[in-house]
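> Give me coordinates for this.
(chains A, B, C and D, ligands or ions: 4)
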Amino acid sequence: MVMPDTLAFKTARIVDIFQETAEIRSYFLSLEEEEDFQFTPGQFNMLGLPGVEEAAISFSSLAQPGNNFFMHTIACVGNVTSLIERMEIDGKLLIRGPFGYGWPTEEIVGKDILLVAGGVGLAPLRPFLLYCLEKRNQINNLYLVYGARTPEEMVFQKDLMDWQKKEEISTIYCVDKLPEYSSLLPNVGLVTHFLEDLQIDLSRALVCMCGPEIMMRFVARKLLLQGYSEKDLYLAMERRMRCGTGHCGHCQIGAKFVCQDGPIFQYPDIKPFADTML
Amino acid sequence: MDQQPEPRTISIDYLARVEGETDLVVKIGEEDLDITLKIFEPPRFFEGFLVGRKYDEVGDIGSRICGICPISHMTTTLQAVEKAMGIDPSPQTKHLRRLMCLAQIVASHIVHLYMFALPDYFGYPGFVGMMPRFEKEKNNFLHMKEAMNRVGEVIGGRALNPISLVVNGFTQIPAKSSLLSLAQGIEKVLPMARETAHLIGRLPYPDFKVDTEFISLRHQHEYAINEGVFTSSKGGSWSIDEYQEQFIEEQVDYAMAKKCLLKGRGPFMVGALARVNIKFDQFHEETKKLAEDVCFNVPDYNPFHNNVAQALEIYEGMIECHRLLTSLNPQKEKPVVKIRSGPGTAVTEAPRGLLVHGYTLNQRGIVEKANLVTPTSHNFANIEKDLKALAEKFYQPDNPDDLKKKCEQLIRAYDPCFSCSVH
Amino acid sequence: MPKDAFVIEKNQFSSWLKKLQESFQLIGPVEKEGHFVFSLIEEVNDLVMDYDTTMLGPRKFIFLPEEKICTIYQKDQGFTIKKVQDVPGQLLIGVHSCDLHAILVLDKVFLLKSFQDHNYRLRRENTLIMALNCTKVCPTCFCSSMGTGPFVELDKGFDFLLTDCGESYLIESFSEKAKDLLLPLNLPQADDSLFKKKEQLFQELKGRFIKNLDTTNLVQTLLENQDHPVWQRTAEERCLGCTNCTMVCPTCFCFNVKDKISFDLKECDRVRYWDSCQELHFAEVHGANYRSSRKARLRQFVTHKLATWVEQFGCFGCIGCGRCMYWCPTHIDLTEMAKEVQKSNFKRMREDGYA
Amino acid sequence: MNRKKRIRLGVFKYTCCAGCEFQLIFFQKKILEIFENLEIIYFRMGESGGGEEGPFDLVLIDGAITEAWQADQLKKVRQAAKFLLPIGSCAVNGGIPAIKNSTSELEMEKRVYQQIQPLHSMKAHPVDDYVKVDGYIKGCPMGEKDLVEAVTSLLLGKRANFINYSVCVECKLKGNLCLLIADKLPCMGPVTNAGCGALCPSYGRACYACWGPMEDANSRALAWQFEKMGLEPDDIFRKFTQYASNKLEFRKGAQLYGSTT
Ligand SMILES: Cc1cc2nc3c(=O)[nH]c(=O)nc-3n(C[C@H](O)[C@H](O)[C@H](O)COP(=O)(O)OP(=O)(O)OC[C@H]3O[C@@H](n4cnc5c(N)ncnc54)[C@H](O)[C@@H]3O)c2cc1C
Ligand code: SF4
Ligand code: SF4
Ligand code: SF4
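Ligands and ions are numbered 1, 2, ... in the order given. Okay, here's the model as predicted:
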């Protein structure tokens, strides 16, 4: 078997840009050389520019057969991300990918699905949510619990509004601080407060979470106390990555390479190792 | 009615394009002139904190006295320590040190002439602004500098604050092949040194002469750098051990640097002009010829011509470095040190003139007393003396800026290093 | 008795190498200031075949300490990428059994998981390995405990195997390329007695190990004791965080990537260099550092080598060469740490009610 | 993208040998390319004129702070500067001028001057004791690799990633034999910030820490190791007070063997 090379660079062109929050923007990209670009929810790309190396960024859109469009939602925190923030439509990025194992799309049939996201952590979950909506008839209940510091810091506001209105999905949005008015009508409080009264059948639960590790820690502990089983919990881990292909070693958590064995993990797979906040 | 003329003051705050920090105040009264060079460079107390440090650190610390001539400081320091311990380093060590110090002198002169002095005569605030218009000068500057810096880099590890120089030798001896490639580098830039001498020789210096006593080291067989005896243009020569008896160091209340005078004689000048005046006969024939070409004759009493003397030393230094590089067959040597207590003083010719380091070590090799006198301390009194003569000669009440400019040029011609002087 | 086994006189061996020098870069152990280093061989006579160990293993010729991954040229229309293409053919001579195992471990890391590392593959494909059975045991090595030495007991993944038999070498070939290179020499076949001698040398050597490590249940024991006091104590009192242990370890594969861009911002060399989990910033991301304490970093090194590696690659990450403890400025010994954990397995003791 | 905007540069020298300013000027082959991108606003050793008011895109500070006027000016400059970087050990760590800090100031003054009335000297402090800084270009003189990183980062508009691991890393990448182990020399490499390319070890000499400590250096453990190797307490003390006696990382090593006041 010929294995893929680590240096398969592709060029992506920025087709459109949305300002999600003050520091987060979404980029619609299209591949220059490939007509058909497929990836699964939860996978990621290494985005790079000359001079600043690369950063791992998850897909925030769902792949569509036969086309080469995809979306990334990026918070400006460091070198790659701030250089991207200064780019305009038609700007070009170097990408490698897709990498990693995504969310458990095979597992959803007949399940009660709970999605828990914090801040920009909704970005990697969004394609999975869209996927669940596509397959809505195959699953039982579908919940989204999404927390951010303030309503202004919530990403995908248009989507959030749509989902809030939809029958197919129940949403709980919560913020630390509430200004006088927000069209999203969020609750005030931590996400963990809103996990109790959900109509979830523990025998067919599937929980997917993505956000700050400390948030995932509290969510996981709370759910375990409520009787969820460990293997029903899926978490998205974030680590420093230099290659994305399981070689540079930076993303190791114990025996796991986040880039190749993850970034989505089942809770018991990651639990035995130190050096996480879980 | 007669009006009493106001005393005029010319002052320069924080003189630019010299090494270190100084103000100049020239007060011109009816009868008399008052000149003060207010060296406000903050003291660093080297002589204070070297006490208690060990012999093997003194070279590294000493080199940090000056960012432009660290090799000279380092070598002087090491020689003083060796003197104190009764160590006589091998001929190879002396050979390599002479090479390093000469390269340092040439490099320092190049920086001074191109970066500090030239802009004055071409009417620019600095060399960076000048560079785009003076393609050739820029190239000469960069290439010569590079070739000389390489010597320090290859032999010493880095051009500034080298690391391979230690007491009684070098931690690593360069290979013959790298010495030869350094020599090739110098060959390439030698023509540029000639051009530099012609350029610097042609600058419009003020017509100005002052009676001056010049002092430099002189050695029987070679153009003295690290070894020799004090020699004065007004007669007399003293061994290095007589330094304390012949020279006095005084503190003044307006400057952080101390002033050094020759006992019973007063101010004197050290540096390139002093060396060239005293040791012109020891130049290589090519350099003597070059001097003739640029109409430079010894003895020369115009301090502005220190620039020309430096240009000649650049050429001379390159020829000598080339000779030193090609004539050495490097042998492996390990620097071995047997610690002994005692005092030791060393004097060398740094780019700007006589540099003195003296240490007293205890039986563990720890410094008990340190004394440093730098070239700018030696020149301090003479600069003020020359400034005074300059003001007397060129002061025009309706055009004080002319004098101000000339004063700046004169100070720069001395290539003073105020950081060193306040160590 | 394998059929591709021959006897070669040491003189003939040298002249053969000189011949090979025309088509390969030869790399082997030479003496340097009282120690041995793997280096490019210009003079075949410089080779020292009875060396003990080297500071850096032959890894540095396949996975270079610092190497360019690619050059990126930026133009208005996009990017052009130039990868590293040609590398010289090289022959690694005198590779001890442990170092051979180390290279095979690196093969697993760089070639046999889901992606093949471009640069590593290029170099590895152009490398022939001539292994050499050890003749001495160092005070710090424990390859016999890790199953990686002192003699090579593998039958693939390398090209030649030498055994020093005094005046001559027993030379065995394990690849087609090796066979082809040996063919023109017309060497005499090695006979049974030579193999008996080899076995005898092996047994003698095996008895001489000073250092050892019991690997039964080691993985589990270490994973259960990630909060064992030995990590904190050693990290505080002895570990300097200098990274020497991981820099000299022949199986460490971690690297960092750095862009070197020209001042006109048009041309960018992307280089990588050995990185280490002992380095403070290794596991740092925006807003967090997952191994900010020296204790966590030290534990990562030891548990990776002796435990988690097994899940990752199906073998230990430690091949028992002893380099890490020899070149550690404070001689921190991972086997001692492992033994301390084995001796006072707090997790077990707690479960059994003793702690 | 308008990348060719010239960077407004200010260079301020405080108590030091000015070596770092020379390093800037001598920046070898790169000097032209660099100065093409720079507009000098204040650089006394390079040009006359220029105001200290700025505004500056980049300010480089060399030298330690040893007099009150320097601290005052520094604070003003900080306000006028987008980025401010201390360059060289004196500005970063206190450097050589801070050797004096373990002795009383009065004692120091008396050792050097007969009349001490005109002196206004205080203990030597690094720049970041007075103002916030945006990174450090370490070295004595400052290192070229970090300087290149600083300049390209400014041109690209990114945060500079300065070298922040130990000298051992560079030493191993170069393949030098370790002097501490092979030659039993008391090398400071394991606790010293890299960037010099392991210069001293490459020339057969033990590192003497002229770049100052790396972040989180475990100086105490190295000091203990030196003691085991047979060094005298005062020798160990001096090792940790030569180039960065101000920095906590080194003080931890020094304090075990002497008073750092
Ligand atoms: C699988 C995966 C998916 C991800 N998906 C997304 C996503 O969809 N959207 C998103 O916005 N982010 C995502 N991230 C996070 C993103 O990869 C990081 O934020 C990344 O670091 C940004 O790269 P950068 O080059 O901009 O930042 P960097 O320049 O690498 O800086 C990031 C932080 O790292 C530290 N740092 C880096 N280098 C150094 C250094 N040399 N010295 C000191 N500190 C340093 C700093 O604290 C800095 O704040 C994802 C991460 C992973 C692993
Ligand atoms: S070599 Fe030793 S001191 Fe250095 S990081 Fe490794 S274990 Fe720690
Ligand atoms: S962990 Fe140490 S003993 Fe084991 S292979 Fe690495 S360097 Fe050798
Ligand atoms: S994580 Fe550490 S021990 Fe493991 S390979 Fe990387 S550097 Fe070596």
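> buried ones in the longest strand along chain A?
Assignment by DSSP state E gives strand A:10-19 as the longest strand of chain A. For strand A:10-19, burial by neighbour count (16 or more other C-beta atoms under 10 Å in any protein chain shown) applies to A:10-14, A:17. C-betas here are computed from N, CA, C, even on glycine.
> most distant residue from the middle of chain C?
residue C:76 (43.8 Å; C-alpha atoms, centre = their mean).
> domains for chain C, by residue range?
The record assigns chain C these domain ranges, following automatic domain parsing: C:5-64+C:86-206, C:218-263+C:272-351.
> Between these, which one is closest to ligand 1.
domain C:218-263+C:272-351 (3.7 Å; C-beta to the nearest ligand atom).
> check whether that closest one contacts ligand 1.
Yes: using C-beta under 6 Å from any ligand atom, domain C:218-263+C:272-351 reaches ligand 1 at C:281, C:284-286.
> hmm, that domain in reach of ligand 4?
Yes: under the criterion of C-beta under 6 Å from any ligand atom, domain C:218-263+C:272-351 makes contact with ligand 4 via C:246, C:249, C:252-254, C:276-277, C:300-301, C:304-305.
> gap between that domain and the chain center?
How far domain C:218-263+C:272-351 lies from its chain's middle: 16 Å, per C-alpha atoms, centre = their mean, to the nearest Å.
> re earlier: please indicate which of the domains of chain C has the most neighbours on average?
Across these, averaging neighbours per residue (mean count of other C-beta atoms under 10 Å in any protein chain shown) puts domain C:218-263+C:272-351 on top, at a mean of 21.
> okay, how far is it across that one, tip to tip?
Across domain C:218-263+C:272-351, the terminal residues are separated by 18 Å (C-alpha to C-alpha, to the nearest Å).
> Next: stretch B:393-403.
Start-to-end, stretch B:393-403 (C-alpha to C-alpha) is 9 Å.
> List the buried residues for that stretch?
B:394-395, B:403.
> and what of stretch A:129-147?
Neighbour counts over stretch A:129-147 (16+ other C-beta under 10 Å) mark A:129, A:131-133, A:139-147 as buried.
> and the two most separated of these?
A:140 and A:147 (23.7 Å; C-beta to C-beta).
> lowest average confidence, helix or strand, in chain A?
strand A:187-188 (a mean of 85; mean pLDDT, DSSP states H and E).
> elements contacting that strand?
Judged by 3 or more C-beta pairs under 8 Å, 6 or more residues apart in numbering or on different chains; DSSP states H and E, the packing partners of strand A:187-188 are strand A:170-175.
> ok, back up a step: packing partners of the following helix or strand past the longest strand of chain A?
For strand A:10-19, the following helix or strand on the C-terminal side (DSSP states H and E) is strand A:24-31. Where contact means 3+ C-beta pairs under 8 Å, 6+ apart, strand A:24-31 is packed against strand A:10-19, strand A:69-75, strand A:92-99.
> which residue ranges form the strands in the stretch 251-355 of chain C?
With DSSP state E, counting those that start in this stretch as the criterion, the stretch 251-355 of chain C has strands at C:255-261, C:267-274, C:284-285, C:288-289.
> Quick one: closest of those to ligand 3.
Nearest of those (C-beta to the nearest ligand atom): strand C:267-274, 13.1 Å.
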